[in-house]
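[1] what's the 3D shape of this:
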Amino acid sequence: MPDATPKRPRTAGIARHGRLARRRGWGTLASVVASVVAVALVSGTSVAAIAGAQLATAPTTVKLSTDDQSTAQTADITAIKGGANILLIGSDTRVGQFDSNEAVEGARNDVTMLIHISQDHTQLTAVSFPRDLMVPIPSCTNPETHATYPAAASAQFNTALGNGGVSCVVDTVENLTGLSIPYAGLITFDGVIEMSNALGGVDVCVAKAINDDYTGLHLTPGSHALQGSDALAYLRTRHGVGDGSDLARISSQQVFLSALLRKVTSGDTLSNPITLYKLAGAALSNMVLSDGLAQARTLVGLAGTLRGMSTSNMLFVQYPVADDPANSARVIVDQEPAHTLNLALQQDVKTSLSDSKTGRASEESPAGTGTGAGAATGTGTGAATGTGSGTGTGTGAGTGSGSGSAATPSSGPSAGTTTGTTPSATPLPSSITGQSASEQTCSVGN
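    Sure, this is the predicted structure:
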């Protein structure tokens, strides 16, 4: 699909955070599966059969807070005022995974994506929250150990899952964004392998060679059809892309996700019921869903909201952050652009990234990019990752759970002008990095 979007410069500078040794980020790779589950289910008449068959053998569901559960049980996901919000969480747990020979203590939400589907079903926005972001975390009770963790004014974002499970992560993001999030899913990294295999590989572009001994990933410049453990290694790599930070990994993952969405929404995929069934099975069999999401009617409705949506209106953005002055390995909320993004989501404003930049480890694909040669070799044993510690200041703008919106500043997004019934898109601040799924971008090795 050709990209008519003007080229945007890469983000300048090198972040200090992310260079310290960290614990293995297994969930990072698996978590991206969840962001395309709904699209994988867009199959017209076969979607109900797919959803019903998979949910019949679905794993244990999880409960969210009382108000979120109430919304999910009473609302139609296709008609929620202000649009539908789904939180997708990737855990770093290795229990039961294909190479879980080493025990990893606890579980962390190493990747967290908020999916906002506009009420008019014309736009999807996927917001990635860095694992190293210092945020307020509410008091939470762990559903397995029943241990209660007190509220923290500033804690590392990826500790929320270990504190209180999926519900605690949902509550943390609600506090940060001011949104109500009635649906959530927790996924494992085996889904990445199964989904990429179901598609016969995902074509990703590499602008500069990627060589990462931690994951065993070695890619030459050009285009590579990645599947299985190679796709997993690509999504896991942090040391091999950009400045070696988690923020760089997020932008490289956006390259993969965009390519995946273009393939999933292509005519060849949507017209093939066997491929669609495999995709749905790969995603749902590797997820634990909240009660409200684990319903056939919800998944069918979700598929309906996305049917026919243009990939140019599927946006991947990184929640805006700045370096933490108290700890160079951590980041804090960049208040002004975060407030603008929060308001845009709260008010269901159609937005664009026309004035922003691609991420730290991606760039626009040059015209006439060749297919390249070479393949990914090996998968290694995992990146050396760790959670570290440290404190930071700053809280997200528009805090408070529920759907209440903050006051709109004069510089905030407006509803936009209207031509007929379609509102114009309001550009997000240029400091917010990301891309649309229609943009053909390339990962940049370091």
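[2] Would you check how far apart Ile80 and Met309 are?
    16 Å (CB to CB, to the nearest Å). C-beta here means a position set from N, CA and C on the backbone, and glycine is covered the same way.
[3] and Ser118, how many neighbours?
    21 (other CB atoms under 10 Å).
[4] Does it touch Ile80 like I think?
    No - at 10.4 Å, Ser118 does not count as touching Ile80 under the criterion of CB atoms under 8 Å.
[5] now the strands for the stretch 201-350 of the chain?
    202-208, 210-212, 217-219, 222-226, 287-289, 314-318, 321-324, 327-333 (DSSP state E, counting those that start in this stretch).
[6] Which strands border the first one, and is each parallel or antiparallel?
    This points to strand 202-208. strand 222-226 (antiparallel), strand 441-444 (parallel) (DSSP bridges).
[7] ok, now the fifth one?
    The strands that strand 287-289 pairs with in its sheet are strand 183-187 (antiparallel) (by DSSP bridges).
[8] What are the contacting residues of the partner strand?
    When contacts are defined by CB atoms under 8 Å, 6 or more residues apart in numbering, strand 183-187 is touched by residues 27, 30-31, 33-34, 37, 62, 64, 72, 77, 84-91, 161, 166-167, 169-170, 283, 286-290, 292-293, 298.
[9] mind running it again at 6 Å?
    Residues from elsewhere that reach strand 183-187 (CB atoms under 6 Å, 6 or more residues apart in numbering): 30-31, 33-34, 72, 86-91, 166, 170, 286-290, 292-293.
[10] Would you map the helices across the stretch 301-446 of the chain?
    Taking DSSP state H, counting those that start in this stretch, the helices of the stretch 301-446 of the chain run over residues 335-346.
[11] same thing with the stretch 151-300 of the chain?
    160-177, 190-198, 228-236, 246-264, 267-270, 273-284, 296-306.
[12] what is the rounded mean pLDDT of the first one?
    Yep, that's helix 160-177 we're talking about. Helix 160-177 shows a mean pLDDT of 95.
[13] ditto for the last one
    Per-residue confidence for helix 296-306 averages out to 80 on the pLDDT scale.
[14] Could you tell me the angle between it and strand 314-318?
    With axes from the mean of the first three to the mean of the last three CA atoms, to 10 degrees applied, the angle from helix 296-306 to strand 314-318 works out at 100 degrees.
[15] Could you tell me how many residues sit around Gly301?
    Gly301 has 19 nearby residues by other CB under 10 Å.
[16] give the contact list for it.
    So Gly301 contacts 77-78 (CB under 6 Å, 6+ apart).
[17] returning to that earlier point: any of the contacts of strand 183-187 buried? List them.
    For these, a neighbour count by 16 or more other CB atoms under 10 Å gives the buried set as 30-31, 33-34, 72, 86-91, 166, 170, 286-290, 292-293.
[18] My read is that Asp110 contacts Arg131, right?
    Yes - between Asp110 and Arg131 there is a contact at 4.9 Å, judged by CB atoms under 6 Å.
[19] shared neighbours, these two?
    By CB under 6 Å, 6+ apart, the residues touching both Asp110 and Arg131 are Asn158.
[20] Can I get the strands paired with strand 202-208 in TSV including distance to Gly201?
    Output for the strands paired with strand 202-208, formatted as TSV (distance: least, CB to CB, whole Å):
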stretch	distance to Gly201
strand 222-226	4
strand 441-444	16
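[21] of the ones you listed, which approaches Tyr214 most closely?
    strand 441-444 (15.9 Å; CB to CB).
[22] where are the low-confidence patches of the stretch 1-150 of the chain?
    1-59, 92-106 (pLDDT under 70).
[23] ah, wrong one, I meant the stretch 301-446 of the chain
    Using pLDDT under 70, the flagged stretches of the stretch 301-446 of the chain are 367-423.
[24] repeat that for 90
    301-309, 354-357, 359, 365-424, 446 (pLDDT under 90).
[25] same question for stretch 225-236, mean pLDDT?
    Averaged over stretch 225-236, pLDDT sits at 88.
[26] how far away is Ser362 from Val331?
    18 Å.
[27] whoops, Leu87 was the one
    20 Å.
[28] same thing with Val288?
    Taking CB to CB, one finds Val288 at 28 Å from Val331.
[29] So what sits opposite Asn109 in the bridge?
    Bridge pairing for Asn109 - DSSP bridges - gives Ser91.
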